[in-house]
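Asker: sequence and predicted structure are below.
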Amino acid sequence: MSSQAAIFSLKSLAFERDDRLLFSGISVALEPGDILQVEGPNGCGKTTLLRIISTALNPTSGTLFWRGKDISQHRQDYLQNLLFLGHLPGLKQSLSPEENLQWWRRLNANNSLLSNEEVLASMGLRGYEDVPCFTLSAGQQRRAALARLLITEAPLWVLDEPFTAIDKQGVAQLEVLLKDHVKKGGVVILSTHQDLGIDGIRRLSLPLLAEVS
Amino acid sequence: MSSQAAIFSLKSLAFERDDRLLFSGISVALEPGDILQVEGPNGCGKTTLLRIISTALNPTSGTLFWRGKDISQHRQDYLQNLLFLGHLPGLKQSLSPEENLQWWRRLNANNSLLSNEEVLASMGLRGYEDVPCFTLSAGQQRRAALARLLITEAPLWVLDEPFTAIDKQGVAQLEVLLKDHVKKGGVVILSTHQDLGIDGIRRLSLPLLAEVS
Amino acid sequence: MGGGFSAILQRDLLLAFRHRGEIANPVIFFFIVVTLIPLGLTPEASRLAEIAPGILWVMALLASLLSVEGLFQSDYRDGTLEQLLITPQPLYLMVLAKVLAHWLITGLPLTLLAPVLGMMLSLPTAGYLPLVLSLLMGTAVLSLIGAIGAGLTVALRKGGLLLSLIVMPLYMPVLIFGASTVQRAVDGFPVDGPLAVMGALLAFSLLISPFATAGALRVSMHG
Amino acid sequence: MGGGFSAILQRDLLLAFRHRGEIANPVIFFFIVVTLIPLGLTPEASRLAEIAPGILWVMALLASLLSVEGLFQSDYRDGTLEQLLITPQPLYLMVLAKVLAHWLITGLPLTLLAPVLGMMLSLPTAGYLPLVLSLLMGTAVLSLIGAIGAGLTVALRKGGLLLSLIVMPLYMPVLIFGASTVQRAVDGFPVDGPLAVMGALLAFSLLISPFATAGALRVSMHG
Amino acid sequence: MWQWFHRLGSPRWFYNTSGKWLPWLSVLAAILLSLGVVWGLGFAPQDAKQGNSFRIIYIHVPASFLALAGYYVMAISGAVGLIWKMKLADMVMKSAAPIGAVLTFVALVTGAIWGKPTWGTYWVWDARITSMLVLFFLYLGVIALQYSYTSQDAASKASAVLSLVGMVNIPIIYKSVDWWYTLHQPATIRLTEAPSMHPDMFHPLLVMILGFYCFYAVALILNTRVEILYRERRTRWVQDMVLETPVSEIREGQN
Amino acid sequence: MFQFESLSDFIQMGGHGTYVWAAYLISLLVLIGLVVSPLLRRRKLVQEVIRQQRREAARQKNSDTAQTAP
Ligand code: HEM
Ligand SMILES: Nc1ncnc2c1ncn2[C@@H]1O[C@H](COP(=O)(O)OP(=O)(O)OP(=O)(O)O)[C@@H](O)[C@H]1O
Ligand SMILES: Nc1ncnc2c1ncn2[C@@H]1O[C@H](COP(=O)(O)OP(=O)(O)OP(=O)(O)O)[C@@H](O)[C@H]1O
Ligand SMILES: [Mg+2]
Ligand SMILES: [Mg+2]
């Protein structure tokens, strides 16, 4: 785990909210090909950590590095390499999955060559390309959101409980997708309460530090 | 599975939406002590079925019976025996878990004697009783919603993906809760994509019938 | 039976106090909009006095309309509404509790603020009592009618201003009788006539609205 | 660079057409509210003509204000806003696209409808052109200013009418110059003065608002 | 009785029966309307006070009649659909809304045009005119609600509830607007209270009113029939019927 | 009894021609619209159904040949 080869690393990250320390001293260095699973009981700060990594929150102390550069100094550059999917995946309910996908394509320039149809079909949404998203089931909506994984070319994926509401076959498919991504030199950071069927996965356990008065 | 002993049963239930048949010919009879897990791939109609059971939707055809009575005729009586937790658990974000619990107690008269504090503590929310729910993590919010299971005396529980966002220890606890409930003669109908660690569970697999034009 | 009623009433009031703004908001809206009028029209006291009854009533109506939009909105979003529909309690009673809470949070403060704004618009002395009385009943009617519209539009993505279109035509009689109560008082005529009509409107909408709203909610949710 | 701008503009217009009502709504609100005025005040043409410039402007302002509330609301609720903030594109450009879409959906139709309503309120002939011109620029200013408020309140549970409180004081200069443009034209004075001021307001808010709104959004989301 | 009611409720039965009536009704409407228009425009004597602008009455009044009657048609069929769950009634309600709105619009526009030569202004806040405007808004509300729901069933029920509430309110609105107007007693000219009209003027008006009623029926039936086809497009009988459509339309279908 | 001396008289209507003709013309257009719009909708619908039928027939044929092939 030499810091030299690391593509992404956290250095003694700490986060405090309303005088409550959520976590501190978190240091991780990830190399291309790594999958990091953030674990811990409910409320330990997984979502918070992932949001810090995606720059949606600022840490109380500590630094994040992307390819050796401090990301608070090189935010734009870093964001170009990031794909973040949080609890709320940013799906427009009144647009169809296809329209949503198209909008993501237009917003982020770095796109793959797969057609929208192919992408949605491989997410198991064949036949649902053109219905508005609010008529989809919970799992189908998640799938529509996760379809972004197939069109992005960002190397760093940050996924907050991506398997929520997805059926077993879908989870297996997603695991393959993650493996393929890291095989191509990508990096995945995800949080989930389920055990993954992927070998060589790295784990970061957050203890339940927070104490409430 | 004599229909005589059944406390709750569905008779050839079918549901059609916008001319698309979601499922048909579903017949199940549940006796006190049964746990029914509704299974199937994303979009097969689990949520729809559970919402029909909770009378939030009307079936296209078929009948539901509670203690031998058609529930469309005896809706009030049936609802007194039902607790339904859907995807959206009806938690008021700006109230605290304790206040939410108190409101559920007042709305439904049939309550257990446990104090709110005890209930929330056993849901793993000790220390969070008085913070507004929007400051809770995803899993903690789910726990606050599931706390209703501990105060209700309704025999029939209908739970749509209750384990979403709950950590492993929480899932184990919930399983114990469900087992205790059916041991006391209750009935549980739930949908989940995870395998449960409960013996003697009954399963209802919904095939993916729906075809989209 | 009454458990649902008092539980909902109490919770809605608690929620309103929790986001402190909620009570102040329609009132502040009323206040600011009424102060816009002299800016847009004329600062002359005599001309303001002429239009004061009508303007006060129109703006009170708008304040009520805009706040009624949220009546079922947040309950719908977080799943509470679905739970209320499968609660073994009469829905129209629960609706009534919500409307009552809405009136206590919106209509009542508006009514109490109105005399102050009347003063700012140089409303003649004879107008104050009729203004307060007509608003007291009138805002209740507005809340009741508005609830029907809110129920019909709650499940629609972006009900927003659609509600205005549905509800405003139904508001018109209230506005007419309310504003002319004040106008007549200012002109020196007796006002028991229009006030009695307002009372009749209140009684009528109390009878109709909870049932219509309950029906509307059922339609919205089962869609 | 410009990818975000056109993507957002196009998507917002698509969304507006998708819920057909969305475009019609502010317009219909404007229409109905203006018809409330005679009911509350007086049906006399001569008296209506006196207040027409002010009333039209106040109501256009309200219609714009009420619709600006939803500017970032739905994007916030479904997580799109969070995504926009971590998109490697300049936020102020994306904000500008959203404001432009809002103006096209709200301000422009309002402006086009205004002459019809002017007719119904017996606005004298001299007032029509200044009415349209002042609204054309004025509604754009309103959208730009409103966006700042919408950005500040987006993450608050129940922004609702709080937005009015924040934004209305900033709207006042627009209202004053807009209404007096029309009033002066009706009274037979030249209007290039107030129109020029309105143009200046537009230029100024075009410069300030996208950055202020972008900042407001950052503050709201990182809170 | 009930059997009859149910048959009436069958869209297919209505489609077939109305198909037989439609040509006759259309011809009748066309004859009445052309007769009324020619008579009213060319042969009715001109009004002593208003001159020839008076001829607008032959559209204005029938349109106003139908605008109001159309609301009751809509609301009552909505009620029938709501109470007896009769699909056909829902379709009639859905079709009646835009027709009523359009006729209201015609009444408003012809009235406004008439106002210019008569009062010198396109618009006054007369009681009847104002009520008509409110009626227009009520129609728009129902239409907007119809199109806002994605589920047809919910849309029908919701707009039925709204049109019923509206129907209860129409008398109240009319009465209150009337009262409001008399209260203010403005100095402007009041609508000519239908002066005991000369028979020569009245007869063409009668013909036009009848013609408008027939026209309304034709439009309503036409719209309802399309609605039926649309909602039953997947059923056997519609599929079979489409196969029998004239060759010209099928050829259109190819491209 | 025809009330007008000449055609131009008829068109002018004693100075009120614009108003009368405008009112009649607008009404005519709007009423025609009321009849034509369902007819157009019907035609579109029929075409759509026919297209659908054709697609289904084609699919039927495909699956038939696919079944007989092996
Ligand atoms: C926008 C303007 C107008 C609207 C909305 C309007 C509306 C109406 C309505 C709703 C009726 C039908 C009353 C009923 O059902 O009995 C009506 C009738 C009538 N209107 Fe108008 N009107 C307008 C302008 C005018 C004007 C300018 C005139 C002529 C000076 C006029 C003359 C009449 C007459 C003579 C009748 C029939 C007599 C009667 O039933 O009392 N209207 N109008
Ligand atoms: N409001 C709606 N309008 C139209 N169709 C809907 C609506 N809600 C769901 N559907 C459709 O009904 C089907 C079943 O949905 P449902 O939510 O019951 O699935 P589910 O089994 O719960 O799936 P999941 O595992 O993803 O939760 C889906 O194909 C979906 O597209
Ligand atoms: N907006 C907020 N304001 C204040 N406190 C918050 C807020 N969001 C989260 N918290 C607190 O921060 C802690 C960590 O929350 P976080 O959402 O990161 O947990 P998590 O590990 O993702 O949990 P889960 O497994 O339930 O998703 C929790 O104790 C929660 O109460
Ligand atoms: Mg989390
Ligand atoms: Mg589901």
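Answerer: Done, it's in. Ligands and ions are numbered 1, 2, ... in the order given.
Asker: what does the residue most central in space within chain F show for phi and psi?
Answerer: A centroid search over chain F (CA atoms, centre = their mean) returns F:Val36, at 3.0 Å, as the residue closest to the centre. The phi and psi torsions at F:Val36 (degrees, to the nearest 10) take the values phi -70, psi -40.
Asker: got it, and C:Phe189?
Answerer: In this entry, C:Phe189 is assigned phi and psi values of phi -90, psi 160 (degrees, to the nearest 10).
Asker: same check on the one 5 residues further on?
Answerer: Backbone torsions for C:Pro194, taken as degrees, to the nearest 10, come to phi -60, psi -30.
Asker: surely it is in contact with C:Thr181?
Answerer: Yes. Applying CB atoms under 8 Å, one finds C:Pro194 in contact with C:Thr181, separated by 4.3 Å. No exception for glycine: its C-beta is placed from N, CA and C like everyone else's.
Asker: neighbour count for these two, which is higher?
Answerer: For C:Pro194 versus C:Thr181, neighbours defined as other CB atoms under 10 Å in any protein chain shown are more numerous around C:Thr181 (28 against 25).
Asker: and the more buried one, what element?
Answerer: Applying DSSP states H and E as the criterion places C:Thr181 in helix C:162-187.
Asker: same question for A:Ser9.
Answerer: In this structure, A:Ser9 is located in strand A:8-17 according to DSSP H and E.
Asker: strand partners of that strand, parallel vs antiparallel please.
Answerer: When pairing is defined by DSSP bridges, strand A:8-17 lines up against strand A:20-30 (antiparallel), strand A:61-66 (antiparallel).
Asker: give me the helices and strands touching the helix or strand containing F:Asn62, please.
Answerer: Counting by DSSP H and E, the element that carries F:Asn62 is helix F:17-68. Helices and strands touching helix F:17-68, by 3 or more CB pairs under 8 Å, 6 or more residues apart in numbering or on different chains; DSSP states H and E, are helix E:57-84, helix E:87-119, helix E:199-231, helix E:236-243, helix E:247-254.
Asker: can you lay out the ones you listed as CSV showing mean pLDDT?
Answerer: Compiled in CSV, the helices and strands packed on helix F:17-68 are given as follows (pLDDT from 0 to 100):
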stretch, mean pLDDT
helix E:57-84, 93
helix E:87-119, 93
helix E:199-231, 92
helix E:236-243, 82
helix E:247-254, 48
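Asker: one step back: report whether the helix holding C:Thr181 contacts chain E.
Answerer: Yes. Counting by CB under 8 Å from any CB of the partner chain, contacts between helix C:162-187 and chain E involve C:162, C:165-166, C:168-170, C:172-173, C:176-177, C:180, C:184.
Asker: dump the strands paired with strand A:8-17 into a markdown table; add mean pLDDT and mean neighbour count as well.
Answerer: Shown next, in a markdown table, are these (pLDDT from 0 to 100; neighbours: other CB atoms under 10 Å in any protein chain shown):
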| stretch | mean pLDDT | mean neighbour count |
| --- | --- | --- |
| strand A:20-30 | 89 | 17 |
| strand A:61-66 | 93 | 18 |
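Asker: closest one to E:Gln146 among those?
Answerer: Each of the strands paired with strand A:8-17 was scored for nearness to E:Gln146 using CB to CB, and the closest is strand A:20-30 (50.5 Å).
Asker: CA atoms only for that closest one, dumped as CSV, please.
Answerer: Taking only C-alpha atoms (Å, rounded to 0.1, in the frame of the first residue of the first chain), the coordinates of strand A:20-30 have been written out as CSV:
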residue,chain,number,x,y,z
ARG,A,20,-20.1,15.3,17.8
LEU,A,21,-17.2,13.5,16.4
LEU,A,22,-18.4,11.0,13.8
PHE,A,23,-15.0,9.6,12.8
SER,A,24,-11.4,10.6,12.9
GLY,A,25,-8.0,9.5,11.8
ILE,A,26,-9.2,7.8,8.7
SER,A,27,-6.4,7.1,6.2
VAL,A,28,-6.8,4.9,3.2
ALA,A,29,-4.8,4.7,0.0
LEU,A,30,-6.4,3.1,-3.0
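Asker: can you give me the domain boundaries for chain A?
Answerer: What the record gives for chain A is the domain set A:1-81+A:155-213, A:94-153, from automatic domain parsing.
Asker: and stretch A:156-168, end to end?
Answerer: Using CA to CA, to the nearest Å, the end-to-end distance of stretch A:156-168 comes to 25 Å.
Asker: starting at the chain centroid, how far to it?
Answerer: 8 Å (CA atoms, centre = their mean, to the nearest Å).
Asker: which intervals of chain F have sub-threshold pLDDT?
Answerer: Within chain F, the segments meeting pLDDT under 70 span F:1-2, F:63-70.
Asker: the same query, at a cut-off of 90, please.
Answerer: Residues of chain F meeting the criterion pLDDT under 90: F:1-20, F:45-70.
Asker: ok, the residue in it that chain D sits nearest to to E:Val168 distance?
Answerer: Distances from chain F to chain D, computed as CB to the nearest CB, single out F:Ile26 as the nearest residue at 15.2 Å. F:Ile26 sits 32 Å away from E:Val168, taking CB to CB, to the nearest Å as the criterion.
Asker: likewise E:Asp200?
Answerer: Counting by CB to CB, the separation of E:Asp200 from E:Val168 is 41 Å.
Asker: same deal with E:Val161?
Answerer: Taking CB to CB as the criterion, E:Val161 is separated from E:Val168 by 11 Å.
Asker: and the spatially closest residue to E:Met91 that is not a sequence neighbour, how many neighbours does it have?
Answerer: Using CB to CB, 6 or more residues apart in numbering or on different chains and skipping the chain neighbours, the partner closest in space to E:Met91 is E:Glu227 (4.3 Å). Residues within reach of E:Glu227, counting by other CB under 10 Å, total 22.
Asker: more neighbours: which of E:Val161 and E:Val168?
Answerer: Neighbours of E:Val161 and E:Val168, each counted by other CB under 10 Å, are more numerous for E:Val161; the result is 24 against 14.
Asker: for the more buried one, what are its contacts?
Answerer: For E:Val161, the contacting residues are C:148, C:152, C:212, C:215-216, C:219, E:78, E:82, taking CB atoms under 8 Å, 6 or more residues apart in numbering or on different chains as the criterion.
Asker: tell me the spacing between it and chain F.
Answerer: 26 Å (CB to the nearest CB, to the nearest Å).
Asker: and that residue, how far is that from ligand 5?
Answerer: In this structure, E:Val161 lies at 29 Å from ligand 5, with CB to the ion, to the nearest Å as the measure.
Asker: three-state assignment of that residue?
Answerer: Per DSSP: H, G, I helix; E, B strand; the rest coil, the secondary structure class of E:Val161 is helix.
Asker: so what pLDDT did it get?
Answerer: E:Val161 is assigned a predicted lDDT (pLDDT) of 93.
Asker: that one and chain D: what is the separation?
Answerer: When E:Val161 is compared with chain D (using CB to the nearest CB), they lie 18 Å apart.
Asker: and if you look at E:Gly115?
Answerer: From E:Gly115 across to chain D, the span is 11 Å (CB to the nearest CB).
Asker: same thing with E:Ile228?
Answerer: 24 Å.
Asker: name the nearest residue to that residue, ignoring sequence neighbours.
Answerer: Excluding its sequence neighbours, the residue lying closest to E:Ile228 (CB to CB, 6+ apart) is E:Pro11, at 4.4 Å.
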